[in-house]
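Student: sequence below, structure please.
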Amino acid sequence: MKKLLSILFFVCFVVVFNACKEEPPYINFTPESTVGDTTYIISPVPGKQTKNVLIEEVTGVRCPNCPKAQAEAKILSESNPGRINVLTIHPLNKLNLLTKPFDVAIGDQHTSAYDFRTEAGAQIFEMVGISGSLPIGNVNRRLFSSESSRNIDYQKWSGYVATELSTPTPVNIILNASNKGDSIEIEVTLTYTENVADSNFLTIGILESDMVDVQESKDVNGNVIYVEDYVHNHVLRTIVTGYFGDLLKASYEPGRVFYKKYRVKRDPKWNSANLDVIALVHMNTNKKDVLHSKEAKVN
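Tutor: Residues are numbered from 1 along each chain as shown. Modelled structure (predicted):
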């Protein structure tokens, strides 16, 4: 009888244990180590930072019109020094005909040195709004009243960038990043200067620039050409937080501070001299709007 009860107890334990196991969603990526995470209130409340604007550009190496969008992002950035943050996404799986690397083994005339595509980019592209063509991009992930989609044609960026530059931000961002051995250490301090009602999230990404590789483009006559020494900048390499951001778990009131510190392993394929970190404070997956962004060199 005791043996039978023991068997029944073991079976029940296994059933209950397995029933309670929960597989985490694959979109939740956990950094190698979160070494700092705290929140508190300070007084007096600091002054507001000037709002920065995010241009989230979706592109592909097989897209001959995409260099025009990248040129527009560069013009806007140079016209507004320190206030435009460009994040370039080469989505994985989505629009593969335009984003997959070149390879002579499959009949291409060239072979790419890099594969810029990321799953993180695909998830963000899907969250913000999938488009059937490139180039495309968004300004602060906002759905503007005269548009049907957040991702819009690059020729419209400048007007919306001007609109966003003129609006204040309710949160200040201080961002620092440094190489520590084979890892990158990231520190971010967020300070709210006014009340915010909706849930806010923090997304941190790692970008790489000055990557020379082949890119489809067009000559002055509109013919497709291959630029073998094209310089790719602001390329998303990974997202440190969850793809859709980490929830900031406290009330958002004047003087509210969130301090977070991450340590993530640096991919040996990345050139540590050309890395930047970008931090976005944004609303939830319904509103999506980016309230402020900051970029910092990985020293």
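
Student: hey, let's count contacts and neighbours off CA atoms from now on
Tutor: Fine.

Student: in stretch 84-104, what counts as buried?
Tutor: For stretch 84-104, burial by neighbour count (16 or more other C-alpha atoms under 10 Å) applies to 84-92, 94-95, 98-102.

Student: start to end distance for it?
Tutor: 37 Å (C-alpha to C-alpha, to the nearest Å).

Student: what is the mean pLDDT for that stretch?
Tutor: On average, the pLDDT along stretch 84-104 is 93.

Student: next: stretch 41-53.
Tutor: 98.

Student: hey, C-alpha coordinates of that stretch in PDB?
Tutor: Extracted in PDB, the C-alpha atoms of stretch 41-53 (Å, rounded to 0.1, in the frame of the first residue of the first chain):
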ATOM      1  CA  ILE A  41      12.900  59.700  -6.700                       C
ATOM      2  CA  ILE A  42      15.200  62.800  -6.700                       C
ATOM      3  CA  SER A  43      14.600  66.500  -5.900                       C
ATOM      4  CA  PRO A  44      14.900  69.000  -7.300                       C
ATOM      5  CA  VAL A  45      13.700  67.800 -10.700                       C
ATOM      6  CA  PRO A  46      16.300  68.500 -13.400                       C
ATOM      7  CA  GLY A  47      15.600  70.600 -16.500                       C
ATOM      8  CA  LYS A  48      14.400  68.900 -19.700                       C
ATOM      9  CA  GLN A  49      16.800  67.600 -22.300                       C
ATOM     10  CA  THR A  50      16.300  68.600 -25.900                       C
ATOM     11  CA  LYS A  51      14.400  65.800 -27.600                       C
ATOM     12  CA  ASN A  52      16.200  63.600 -30.100                       C
ATOM     13  CA  VAL A  53      14.500  62.000 -33.000                       C
END
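
Student: give me the distance from it to the chain's centre.
Tutor: Put simply, stretch 41-53 sits 23 Å off its chain's centre (C-alpha atoms, centre = their mean, to the nearest Å).

Student: any buried residues in it, and which?
Tutor: For stretch 41-53, using 16+ other C-alpha under 10 Å, the buried residues are Lys48, Gln49, Thr50, Lys51, Asn52, Val53.

Student: what are the phi and psi angles of Ile89?
Tutor: Note on Ile89: backbone dihedrals following degrees, to the nearest 10 are phi -110, psi 130.

Student: element containing Ile124?
Tutor: helix 119-128 (DSSP states H and E).

Student: just checking, next helix/strand downstream of that helix?
Tutor: strand 136-139.

Student: rounded mean pLDDT for stretch 133-141, please.
Tutor: 95.

Student: in stretch 69-86, what counts as buried?
Tutor: Buried-residue list, stretch 69-86, by 16+ other C-alpha under 10 Å: Ala69, Gln70, Glu72, Ala73, Lys74, Leu76, Ser77, Arg83, Ile84, Asn85, Val86.

Student: the fourth one contacts Val86, correct?
Tutor: The one in question is Ala73. Yes - look at Ala73 against Val86 with C-alpha atoms under 8 Å: they come within range, at 7.1 Å.

Student: which neighbours do these two share?
Tutor: With contacts taken as C-alpha atoms under 8 Å, 6 or more residues apart in numbering, Ala73 and Val86 have Ile55 as neighbours in common.

Student: could you list the low-pLDDT ranges of the stretch 51-200 of the chain?
Tutor: Within the stretch 51-200 of the chain, not a single segment meets pLDDT under 70.

Student: which parts of it are helices?
Tutor: Using DSSP state H, counting those that start in this stretch, the helices found in the stretch 51-200 of the chain span residues 66-79, 96-99, 119-128, 157-165.

Student: save those helices as JSON lines, and put in distance to Ile106 too.
Tutor: As requested, these are arranged in JSON lines below (distance: least, C-alpha to C-alpha, whole Å):
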{"stretch": "helix 66-79", "distance to Ile106": "23"}
{"stretch": "helix 96-99", "distance to Ile106": "13"}
{"stretch": "helix 119-128", "distance to Ile106": "23"}
{"stretch": "helix 157-165", "distance to Ile106": "36"}
